[in-house]
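In: Give the three-dimensional model of this entry:
(chains A and B)
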Amino acid sequence: METAELHTLQDLLVLSAGERPDKVWLREKAGKDIAEKRFGEMLEDCRRVSSYLRRQGDGPVHAGLVGSSSIAYLTCFFGTVIDGNVAVPIDPQLSAEEIADNLNRADVTVLFYDARFQALADGIRESCPQIKSCVCFAVGEGRFSLPELLAQEDPAELRPVEPDQCACILYTSGTTGKSKGVMLSHRNLIDNATCCDHEGSDADVLLSVLPIHHAYCLTCDVLLSLRYGATLCLNDSPMRLVQNIKLFKPTMLLLVPLIAETIYRRIMAEKKKNPLLPLRMAGRAVFGRDLRVIFCGGAYLSPELTKAYEKMGIPLLQGYGMTECAPRITSSSEADPSTGTDVGRVVKNCAVKIEDGEIMVKSPSVMLGYYHNDEATRDMFTEDGWLKTGDLGYVKDGRVYITGRRKNLIILSNGENVSPEELENRFAGCDWLSEIMVYSEDEQITAEVYPFPEYEAKAEALFRKKVDEINRSVPSARRIVRLRLRDREFEKTTSRKVKRQQSGEKGRLLD
Amino acid sequence: MLDKIREIMTRYVELNPEDIHEESRLSEDLALTSFAVMSMMGDFEEEFGITVDENELTDIHTVGDIMAYIKSKQA
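Out: Numbering: from 1, shown residues only, chains lettered A, B, ... in the order given. This is a model prediction of the structure:
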């Protein structure tokens, strides 16, 4: 596909369907069978959804989507955006109140939902009075469903869509503060889906594991598979990832570090039981013979984990981005992998500069702004239009290195700024350590750790030893002076990141 | 059943099967992340021929809870 011809998500779907109408694009489990959807069929179904939405209001309709990745979900998503409407994917793990709040704040008037959210649809008049129509992904008594919609509607003649029209509103799942609705235009998403070359081909099979309401999954699983004409298999649950890898035999996977690490621990446990089994074979027993590459992003990836995967013969390629950039800012490739501590090179069309230690971005992928939040939008940009990522880092030999988050910075009474992530990363490779958070408590740099329980007896000594070692290598103002030891996991966001603001009890203070 | 559960759990924790007890707490004692628990439940589905509902996992905190859950699904 010529990327120069792509300006909108409508172009992307129409061109993919034109090039490979009979090729299978989507696959998912349906009971004991596998349901499939071809590129051509998908366009036809999406146009039927567009036809339905035409009758739901004048001008762009805001359609909320609540559920996990499925063929039905993607049919409703693309049926919304290819005709100039705005899709609002919601995190299905949020509470009913938070889901309603996100729908209301995005001015959603049509709701597409998974059957397990029937209670939400039943109470929608009270919680979201502006929602006029609800469509469930599955047939059921007393509700209108997608199969019925597809049967009653004719495919719409699609309206022209402008590249700078808003295509979707994605809520940020930040580790601090209330979520904000990021408006991404067609240009943003197309630019980001085409900002790297030679990532895949129509022979590739992707297994989509990450939540569909995240920009990373939307761009790098869904849009990339469309661009390359690859097959996209949909993981029905995080519970069945390993089983689904065996079933769908992916060649590419997109993961977050937590998942990559859990699978690695599982492989090592198998290897421990069978020490003669070569590591590569142990890895292949879980990932299959066809897997070529894993892209990893969304959180800090330790160089140790990258090396461990390298030993298994599976490149774990790191990238860096944020929802506001649709999301990729940097990436690495099989031909040019990151060296371990960097997050790769800046993607095509994207400019990065460092100002006062902070990474600034200007690119066609940068969002239109936050929905109904001009003040927050203004705060994100400099006067000359650079997006302030809030991340601290530097660029060396074309590679980007991240050192921490500006808003997490600990500002000591002497004015010195300390990046907690920089200190946390110094604990990488500690086999006794499960989780760590560094923060300021009573103006003192505090490290709180959650060790693996099998190290419970030794954890305190190992923790003290490591802190001594770190303290010897940092300037005196940056030394860790207070130590806390936990006996349970830190609270996490729904995307499994440790929340910087913990509401529960702190760990035990060590003398 | 406990033996089979222990065997599967050692795919996720670096412990000997005999160190895993009915009272062991998944997060506090065995350091299982929530993703590891999910992944493990997928293995139990396969091993015991049951269908696990993700929404029911919030009440599972110990190895004993897993046993009770599997039994309820087999019933």
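
In: got a list of contacts for the longest helix belonging to chain B?
Out: Taking residue count as the measure and DSSP state H as the definition, the longest helix of chain B comes out as helix B:34-48. Applying Cβ atoms under 8 Å, 6 or more residues apart in numbering or on different chains, the external contacts of helix B:34-48 come out as A:237-243, A:258-259, A:262-263, A:265-266, A:489, A:492, A:496, B:4-5, B:8-9, B:11-12, B:26-27, B:32, B:50-52, B:54, B:57, B:60, B:66, B:70, B:73-74. Quick note: C-beta positions are derived from backbone N, CA and C, even for glycine.

In: Return the set of buried residues in it.
Out: B:34-45, B:48 (16 or more other Cβ atoms under 10 Å in any protein chain shown).

In: Closest residue of chain B to chain A?
Out: Of all residues in chain B, the one sitting closest to chain A is residue B:42 (3.8 Å; Cβ to the nearest Cβ).

In: Nearest spatial neighbour of that residue, chain-adjacent residues omitted?
Out: Ranked by Cβ to Cβ, 6 or more residues apart in numbering or on different chains and with sequence neighbours excluded, the top spatial neighbour of residue B:42 is residue A:239, at 3.8 Å.

In: Return the distance of the residue nearest to the spatial centre of chain B relative to residue A:344.
Out: Nearest residue to the geometric centre of chain B (Cα atoms, centre = their mean): residue B:66, 4.8 Å. Remark: distance between residue B:66 and residue A:344 (Cβ to Cβ, to the nearest Å) = 40 Å.

In: now residue A:93
Out: When Cβ to Cβ is applied, the distance between residue A:93 and residue A:344 equals 29 Å.

In: In terms of neighbours, single out the busier of these two.
Out: Just comparing residue A:93 and residue A:344: by other Cβ atoms under 10 Å in any protein chain shown the higher neighbour count belongs to residue A:344, 24 against 15.

In: OK, contacts around the more buried one?
Out: For residue A:344, the set of contacting residues under the criterion of Cβ under 8 Å, 6+ apart consists of A:317, A:318, A:319, A:320, A:330, A:331, A:332, A:336, A:338, A:399, A:400.

In: these two touch, right, the third one and residue A:337?
Out: No - under the criterion of Cβ atoms under 8 Å, residue A:319 makes no contact with residue A:337, lying 11.0 Å away.

In: Compare these two (neighbour count), which wins?
Out: Using other Cβ under 10 Å as the criterion, residue A:319 and residue A:337 rank with residue A:319 on top: 26 against 17.

In: Next SSE downstream of the helix or strand hosting residue A:353?
Out: In this structure, residue A:353 sits in strand A:351-355 according to DSSP states H and E. Following strand A:351-355 in sequence order, the next helix or strand is strand A:358-362 (DSSP H and E).

In: Packing partners of the helix or strand following that next one?
Out: Sequence-wise, the next helix or strand downstream of strand A:358-362 (DSSP H and E) is strand A:369-370. Using 3 or more Cβ pairs under 8 Å, 6 or more residues apart in numbering or on different chains; DSSP states H and E as the contact test, the elements touching strand A:369-370 are strand A:181-185, helix A:374-380.

In: highest average neighbour count across those?
Out: Ranked by average neighbour count under the criterion mean count of other Cβ atoms under 10 Å in any protein chain shown, the helices and strands packed on strand A:369-370 are headed by strand A:181-185 at a mean of 24.

In: Pull the residues that contact that strand.
Out: Where contact means Cβ under 8 Å, 6+ apart, the residues beyond strand A:181-185 that reach it are A:88, A:102, A:105-106, A:163-172, A:215, A:323-324, A:326, A:367-373.

In: starting at the chain centroid, how far to that strand?
Out: From the chain centre to the centre of strand A:181-185 is a distance of 15 Å (Cα atoms, centre = their mean, to the nearest Å).

In: Check which strands are paired with that strand and give the direction for each one.
Out: The sheet places strand A:181-185 alongside strand A:166-171 (antiparallel), strand A:369-370 (antiparallel), with pairing taken from DSSP bridges.

In: Send me that strand as PDB with only the CA atoms.
Out: Taking only C-alpha atoms (Å, rounded to 0.1, in the frame of the first residue of the first chain), the coordinates of strand A:181-185 have been written out as PDB:
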ATOM      1  CA  GLY A 181      -9.900  12.800  26.800                       C
ATOM      2  CA  VAL A 182      -7.200  12.900  24.100                       C
ATOM      3  CA  MET A 183      -8.600  13.900  20.700                       C
ATOM      4  CA  LEU A 184      -6.800  12.100  18.000                       C
ATOM      5  CA  SER A 185      -7.400  13.100  14.400                       C
END
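
In: Could you check the angle the helix or strand following that strand makes with strand A:166-171?
Out: Toward the C-terminal end, the helix or strand that comes next after strand A:181-185 (DSSP H and E) is helix A:186-193. Computed with axes from the mean of the first three to the mean of the last three Cα atoms, to 10 degrees, the direction of helix A:186-193 lies at 70 degrees from that of strand A:166-171.
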